[in-house]
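Trainee: here's a sequence, model it:
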Amino acid sequence: MPPLPNPVVAPKTGLEEELFAGERTVGSHLPGSFCDVPISSLSAEERRLIDQTAADDWFHSLSFAGTYCFPPADRACFLTNQHGRIVEACFYREVRRWSVLKAIHVQGRVAPGSPVVRHLIETRKPALIHLPWLRGVEIQTMKAVKLFCSVRQSAEDFPIQLPASTERYLKNLGSSTRKHLPYYVRRLRREWGDAASFVPLFGPQVTRELYEELLDLNRKRMKQRRRESAWLPQLVEQRWPIVQERGLLYGVYTGKKLVAGTLSFLQGGSAYLIVLSHDPEFDRLNLGSVVLWLTFKHLISMHLKCFHLMWGASFYKAQFGGKVEPLFRATGFANPILAAAWRTCHVLGIPALVALAGRSVGRLSLEKRNPQERSSHMMLAKELDPQKRSAAPEFRGFPVALLDAVVCPNDGQRFAIVGGDGSEFVSEATVRCIACGSLCQIRAGILRLLPLQKPLSSVTREEQNARDRGADRYDAHFSEWSNAVEMGAVFADDSVFRGKTVLDLACGTGRMTVRLLGTANAVIAADFSEQSLLNLAKRATCGETRLGLVWCDVTQFVLTPAFFDTVISAQLLEHIPSKEQRGVLLDQVRTGLKPSGSLLITAYHYNFVKRVLQRPPDGFHANGIFFHRFTCAELADELSAFVLPQGVRPLQIDPHVFPAKSPLRGRLARIMEPTVCTRLLGQLVFTRATKQALTQEHPRPEIWRISGKQQSTPTK
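Mentor: Next up, the predicted model:
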């Protein structure tokens, strides 16, 4: 019998396709209607169809709302079309606030103007509804909701579009990153040999022991950064099923020991980075960059389209090509009185105070159980204890390798040691410019550039004398809490310091410098107070960090182009008398920074209270030192001509608003720090800037005005 010919199948029309899709219905629910049911009652088929609506957006998925979020959603509201197919869904929890107000917490991303949200508002009639993780495009649909709404930025996502090959991905990165990522992997293989292994595991391949080992590395890394890990025991337990379902764990091992790893969740053609951790013991090997680079390569080999680096801004995310996408939290209110009360609470910082009180209670109970454990805020202001300091290597002189960071102020050429004996560190030597032959000295390990520079002005000379006289008492000028607040801002992201080359301008007696020792690879600390540098040399315990001390006027300090990864300027700019001199300094800083470098600045703040009292922005301290107070807008404008500020904000409550002898002075200041009072009473202003020129693609930074509103300014 001859074989039957293959039947000719005509392509389905659009209506037939819709009818075919309509065969996949959701059980007994009526087509073309809203369904609001407990998540626990959903069948496996309903869960599968709901997940299809999420596509590549993990925030819109049931696994995110019901397993990742804490506390998880317990109800699902979805809309079916006329054929019974689910076209839209959202997941939520319904709670009572103060036993009076009904509130709906939507877990996951859903547009405020979507039909399911409007249906929830109409049927559930909540007093307020919270909608998290919204992008700018969803915020624009708020007008469709007949509620009084408040919107606040809550997090940041850094999505990176993945090309077809790793070669194309590398071409999109900066030249320095493109060169170093493969080098880090080769160095690791060279040092560890066959003991080094890189293993990706997906879903059921990830064991519970390996999952907890990765989170232990995360806790160890957070502790080193004086932070607390967000992975509480209940979260570890709750999120374990999603790891088994869609988790990708990429690990770096030495032998059988996990030393670095990433945990990502896959959704459609996208991946979401949730955990990046490594053993701080191997910081010098850049394991964080290694494991993230290997994760990128693996995701590209899986032909995924997008990789989201989640939950906050970090330098490495921009370094790997991420473009920031702010995520917002919208709160809708049923009546204007409730909306006004809610906004008032947030303006006064009441939620922040409640959260701070909760953390304080937790720290106190922890310290009672373990007196050796110190508060993270206090650890920010402490140096190494004396026992550890005595065991660490002391200051050994000026590192010869760091002479390349400094050039001759006369002609910009590099220096060389006269008659060097090949030592790595030099305490006493003569240094000559290789071009013009200008000579300067190294004495007590300090490179003395000041004699080669132009004579100091009378104002600067008076400040120099005051600094020398007060060097022994300088550290006592800063209280424990003020140090904790300022250092907490400067050292919030240690990725810009760890293993980097750092310049500390106007270092003084080393308040910031000593925090860098043992973390940075190399530090140049410059100041025009010789006595302050001598005091720093006595207290410095360098560890493996190379520390170079330079006696110079920092406004005339000429730097080697693209030498430094990070520059710190702590309370320096306010003491430079003119805007022109500050511009000269900032121009040199821009020259000395690498293309991916960062500039961290604190300066005096011309706050709201001082403006209301009509205090002049310029003045002199009792010891004759000049100062100028900056508004946030003024500082941003001066910086924007040279670098790109990433945000300008006040910090550190002015201590003069409290009684001088009050025993609660420091505690009150810490409690008020996260509130709106900082905008009005903050005595410092802080910003982090990157080495980029302004373009239309890079707007100027967020600036706090008196009203607390943001002002948009011309873009780069």
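
Trainee: where does pLDDT dip in this structure?
Mentor: 1-32, 98-99, 143-147, 225-226, 343, 346-393, 481, 654-676, 692-716 (pLDDT under 70).

Trainee: next secondary structure after the strand ranked longest in it?
Mentor: If each strand of the chain is counted by residues according to DSSP state E, the longest one is strand 148-161. Sequence order places helix 166-171 as the next helix or strand after strand 148-161, per DSSP states H and E.

Trainee: what's the first helix or strand after that following helix?
Mentor: Criterion used, DSSP H and E; the element after helix 166-171 is helix 175-192.

Trainee: who touches the helix or strand that that next one is followed by?
Mentor: Next helix or strand after helix 175-192 toward the C-terminus (DSSP H and E): strand 196-202. With contact meaning C-beta atoms under 8 Å, 6 or more residues apart in numbering, strand 196-202 is reached by 188-189, 210, 247-254, 266, 294-295, 298. Where you see a C-beta, it was placed from the backbone N, CA and C, and this is true even at glycine.

Trainee: ok, now with 6 Å
Mentor: 188-189, 248-253, 294, 298 (C-beta atoms under 6 Å, 6 or more residues apart in numbering).

Trainee: how about stretch 313-328?
Mentor: Against stretch 313-328 from outside (C-beta under 6 Å, 6+ apart): 133-134, 139, 151, 153-160, 172-173, 177, 309, 493, 495-496, 596.

Trainee: which two in the contacts of strand 196-202 are spaced the farthest apart?
Mentor: Spanning the widest gap among those are 189 and 248, at 22.5 Å by C-beta to C-beta.

Trainee: ranges for the helices of the stretch 601-716 of the chain?
Mentor: For the stretch 601-716 of the chain, the helices defined by DSSP state H, counting those that start in this stretch cover 608-612, 632-640, 665-672, 677-681.

Trainee: show me where the stretch 251-400 of the chain has helices.
Mentor: Using DSSP H, counting those that start in this stretch, helices in the stretch 251-400 of the chain cover 287-301, 315-319, 336-347, 350-369, 376-381, 386-391.

Trainee: got the domain ranges for this structure?
Mentor: Domain assignment for the chain, taken from automatic domain parsing, gives 14-154, 163-304.

Trainee: out of the contacts of strand 196-202, which is nearest to residue 83?
Mentor: Within the contacts of strand 196-202, proximity to residue 83 (C-beta to C-beta) peaks at residue 248, which comes in at 35.1 Å.

Trainee: helices and strands around the helix or strand where residue 488 lies, which ones?
Mentor: Residue 488 is part of helix 480-490, with elements assigned from DSSP H and E. The helices and strands touching helix 480-490, judged by 3 or more C-beta pairs under 6 Å, 6 or more residues apart in numbering; DSSP states H and E, are helix 376-381, strand 644-653, helix 665-672.

Trainee: tell me the spacing between residue 60 and residue 47.
Mentor: Distance of residue 60 to residue 47, given as C-beta to C-beta, to the nearest Å: 14 Å.

Trainee: of these two, who's got more company?
Mentor: Shown here are residue 60 and residue 47; by other C-beta atoms under 10 Å, residue 60 has more neighbours (23 against 14).

Trainee: next up, the contacts around the more buried one.
Mentor: Neighbouring residues of residue 60 by C-beta under 6 Å, 6+ apart: 54, 108-109.

Trainee: which of the residues you listed has the most neighbours?
Mentor: Counting by other C-beta under 10 Å, residue 108 has the largest number of neighbours within these, with 25 neighbours.

Trainee: verify the contact between that residue and residue 63 for me.
Mentor: No - with contacts counted by C-beta atoms under 6 Å, residue 108 stays clear of residue 63, the gap being 9.6 Å.

Trainee: what's the closest of the contacts of residue 60 to residue 411?
Mentor: Nearest to residue 411 among these: residue 109, at 58.5 Å, using C-beta to C-beta.

Trainee: what sits against the closest one?
Mentor: Applying C-beta under 6 Å, 6+ apart, the residues contacting residue 109 are 59-60, 133.

Trainee: next, the nearest residue to it once chain neighbours are set aside: secondary structure please.
Mentor: Excluding its sequence neighbours, the residue lying closest to residue 109 (C-beta to C-beta, 6 or more residues apart in numbering) is residue 59, at 3.7 Å. Put simply, residue 59 is helix when judged by DSSP: H, G, I helix; E, B strand; the rest coil.

Trainee: ok, residue 59 - contacts?
Mentor: Contacts of residue 59 (C-beta under 6 Å, 6+ apart): 108-109, 133.

Trainee: could those residues go into a markdown table alongside secondary structure and distance to residue 411?
Mentor: Listed next are those as a markdown table, based on DSSP: H, G, I helix; E, B strand; the rest coil; distance: C-beta to C-beta, whole Å:
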| residue | secondary structure | distance to residue 411 |
| --- | --- | --- |
| 108 | coil | 62 |
| 109 | coil | 59 |
| 133 | strand | 56 |
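
Trainee: ok, so of the residues you listed, who is nearest residue 509?
Mentor: The shortest approach to residue 509 among the contacts of residue 59 belongs to residue 133, at 45.8 Å (C-beta to C-beta).

Trainee: what's the neighbour count on the closest one?
Mentor: Using other C-beta under 10 Å, residue 133 is surrounded by 22 other residues.

Trainee: I'd like the distance between residue 636 and residue 567.
Mentor: According to C-beta to C-beta, residue 636 stands 17 Å off from residue 567.

Trainee: scratch that, residue 248 is what I was asking about
Mentor: Residue 248 is 37 Å from residue 567, by C-beta to C-beta.

Trainee: could you do residue 282 as well?
Mentor: Applying C-beta to C-beta to residue 282 and residue 567 gives a distance of 27 Å.
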